[in-house]
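A.B. asks: my questions concern the predicted model and sequence given below.
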Amino acid sequence: SSVGSRSILREVSSNGVGAVDYAVELNATNFDTLLRDTPASFSVVEFFAHWCPACRNYKPQYEKVARLFNGPDAIHPGIILMTRVDCALKINNKLCDRFSVSHYPMLFWGRPSKFVGVGWEPKQEKGEIRMIDDGRTAERLLNWINKQIGSSYGLDDENFDNEHLPSNISEHEQIGRAVYDVEEATATAFDIIIEHKMIKSGTRASLIKFLQLLVAHHPSRRCRMGSAEILVNFDDLYPSEVVSVVKSEIVGSDQTGSAKNIQICGKEVPRGYWMFCRGSKNDTRGFSCGLWVLLHSLSVRVDDGESQFAFTAICDFIHNFFICEECRQHFYDMCSSVSSPFKTGKDFALWLWNTHNKVNIRLKKDEASLGTGDPKFPKIIWPPKQLCRSCYKSRAGSLDDPNQIDWAHDEVFKFLTQYYGTTLVSFYKSKDVPQGMATVGAIEDSLTPTNAVVVPVGAALAIALASCAFGALACYWRSQQKNRKRIQQWLTINGNGNGREKVQLQKRREKEKKKRIGSSQSHGGQRPPVPTNGLSLYCHVSI
Ligand SMILES: Cc1cc2nc3c(=O)[nH]c(=O)nc-3n(C[C@H](O)[C@H](O)[C@H](O)COP(=O)(O)OP(=O)(O)OC[C@H]3O[C@@H](n4cnc5c(N)ncnc54)[C@H](O)[C@@H]3O)c2cc1C
């Protein structure tokens, strides 16, 4: 079964008896991928067997801890990924052997990337993966964890707080995690568009333009690939009114249903929580912060020749698809006040930065009078001197008005490029991923492409498609349109045609589409139940 955090972390699965499971169930097919891609700093992996009575008794204890860290309402999200692997499933045999599982439940601790592609042996006690030797109850497990990371989490923690972002870590270091928020914002924006049925004849072109921008310049490779897939299948996924009439005649059904299955940044996203954009109070930052970071990260990646295109793509996207009425209106007013087209990427990036500062100033006043701001993240003119001293030419000027500050614009642009370019993706890059794995990682800085990219052929094709960006897509897009026209002409010439021909035509198109997308399915079987030896705390396994 698919165990993306989308289905488990976000919606938190029901375990069939009314309660929910917070721990993410992994299996041999997704173990490495999920642990490699998680933004969490640490991971606990519980090896268990569903037939083991001790494991069943232990489950509520484990879940009490998992509740704190996993799921959309986690009190401390994004720090520890709590997972479990069912060793009684045949599919997991090798995986459980890899970790020398000798009893159930058996718990391990480590940085998520340290679990990828490796195993554990009893002699390895001092290695980077550690066996948790005292986690028999929820209290003891949480104490064990607290000792490892110097935290003071409690099972009764209820307050939403931001203490997981240690105050001694600068914003500059934290931005490295923002790439996960950029993914989250992209997927959330897309979910909102689908949920609110916002793709209409008047907004289609604007979405296509924005998707083109994402394909070319999104800092996350998996979002680039997802955007490319949506773009090339756009007509099938979101038929325009004219086409949808023709299509529904052919297949006799409404095609728009398939749109819901598209996950623009892969099935793990949205995860349901924010990292860099997490506020100190619920609902203060999150999506709108992630959206700003996405826009800035796009703005520093566009070339001079694309700057005007990027400007209109972003303005139109916010105008048509940002569901905050006041925000979209104000932003569009600022877009409309631009009188001459942008000629350089630098001018466009600086315009967006300045526009964001104007929003900050306005909101600073509103939040002060209404008390609606996040006390830990007050609106400021950005970047402050602590982040970029060289951005300020002199000390003079009012910090309440960006226009009165004597900005060193070249320095501001240099800073923006660094901050939203290389630093934004640095956290992922610095993650210790085993050799060979790094090249198939989901996120990669498009400003600093690596030379030696080794990927499977299928992925290479998709990446190539994504990298070719505007040119290839425009070309592909046009050929798709032509194909569609040909079909329409064919239908017109043949009138209603006979039913069999239409069905054949539709089947051929479906087949071609399937070929393009490819399919991946996991298979699992069950190992026959093994009798227990009656131990109440652990079930031993002979290996
Ligand atoms: C296009 C758009 C228009 C909006 N308009 C409105 C509105 O009219 N009214 C309203 O109430 N809310 C509006 N919002 C939401 C609002 O701007 C904030 O996103 C929200 O209040 C959360 O604020 P935050 O503290 O997370 O910081 P945000 O303003 O969301 O900024 C996110 C991060 O960007 C960085 N940053 C801050 N300023 C700049 C800058 N000038 N240049 C580059 N990076 C910067 C900082 O690291 C900051 O943490 C808008 C959002 C967007 C995306």
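C.D. replies: Received, thanks.
A.B. asks: all contacts plus neighbour counts: C-alpha atoms, from now on.
C.D. replies: Will do.
A.B. asks: what's the neighbour count on K267?
C.D. replies: Neighbour count of K267, defined by other C-alpha atoms under 10 Å: 17.
A.B. asks: what does G266 give?
C.D. replies: 17.
A.B. asks: around the ligand, which positions in the stretch 351-500 of the chain sit nearby?
C.D. replies: 353-354, 356-357, 359, 363, 377, 379, 382 (C-alpha under 6 Å from any ligand atom).
A.B. asks: which one in those residues is the model shakiest on?
C.D. replies: Scanning these for pLDDT, the low point is F377. It has 88.
A.B. asks: return the distance of the residue nearest to that one when sequence neighbours are not counted relative to C289.
C.D. replies: In this structure, F377 finds its nearest non-sequential neighbour in G279, 7.3 Å apart by C-alpha to C-alpha, 6 or more residues apart in numbering. Relative to C289, G279 is positioned 10 Å away (C-alpha to C-alpha, to the nearest Å).
A.B. asks: repeat for F47
C.D. replies: Using C-alpha to C-alpha, we find F47 at a distance of 38 Å from C289.
A.B. asks: go on, S369?
C.D. replies: For S369, the distance to C289 - C-alpha to C-alpha - is 21 Å.
A.B. asks: ok, now P383?
C.D. replies: On the measure of C-alpha to C-alpha, P383 and C289 end up 15 Å apart.
A.B. asks: likewise G266?
C.D. replies: Distance from G266 to C289, by C-alpha to C-alpha: 21 Å.
A.B. asks: quick one, helices of the stretch 1-150 of the chain?
C.D. replies: Taking DSSP state H, counting those that start in this stretch to define them, one finds helices in the stretch 1-150 of the chain at 5, 31-37, 53-69, 93-98, 138-149.
A.B. asks: before we move on, what about the stretch 151-300 of the chain?
C.D. replies: Using DSSP H, counting those that start in this stretch, helices in the stretch 151-300 of the chain cover 171-174, 178-195, 204-217, 221-232, 234-237, 241-251, 287-299.
A.B. asks: alpha carbons only: can I get the third one in CSV?
C.D. replies: It refers to helix 204-217. The C-alpha trace of helix 204-217 is given here as CSV (Å, rounded to 0.1, in the frame of the first residue of the first chain):
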residue,chain,number,x,y,z
ARG,A,204,-6.4,28.4,-17.5
ALA,A,205,-3.8,30.4,-19.4
SER,A,206,-2.6,32.0,-16.2
LEU,A,207,-2.1,28.6,-14.5
ILE,A,208,-0.3,27.2,-17.5
LYS,A,209,2.1,30.2,-17.4
PHE,A,210,2.8,29.7,-13.7
LEU,A,211,3.3,26.0,-14.2
GLN,A,212,5.9,26.8,-16.9
LEU,A,213,7.7,29.0,-14.5
LEU,A,214,7.6,26.2,-11.9
VAL,A,215,8.9,23.6,-14.4
ALA,A,216,11.9,25.8,-15.2
HIS,A,217,12.8,27.4,-11.8
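A.B. asks: and the helices of the stretch 1-150 of the chain as JSON lines, adding distance to the ligand and mean neighbour count?
C.D. replies: Converted to JSON lines, the helices of the stretch 1-150 of the chain look like this (distance: least, C-alpha to the nearest ligand atom, whole Å; neighbours: other C-alpha atoms under 10 Å):
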{"stretch": "helix 5", "distance to the ligand": "24", "mean neighbour count": "22"}
{"stretch": "helix 31-37", "distance to the ligand": "23", "mean neighbour count": "21"}
{"stretch": "helix 53-69", "distance to the ligand": "22", "mean neighbour count": "20"}
{"stretch": "helix 93-98", "distance to the ligand": "41", "mean neighbour count": "17"}
{"stretch": "helix 138-149", "distance to the ligand": "26", "mean neighbour count": "16"}
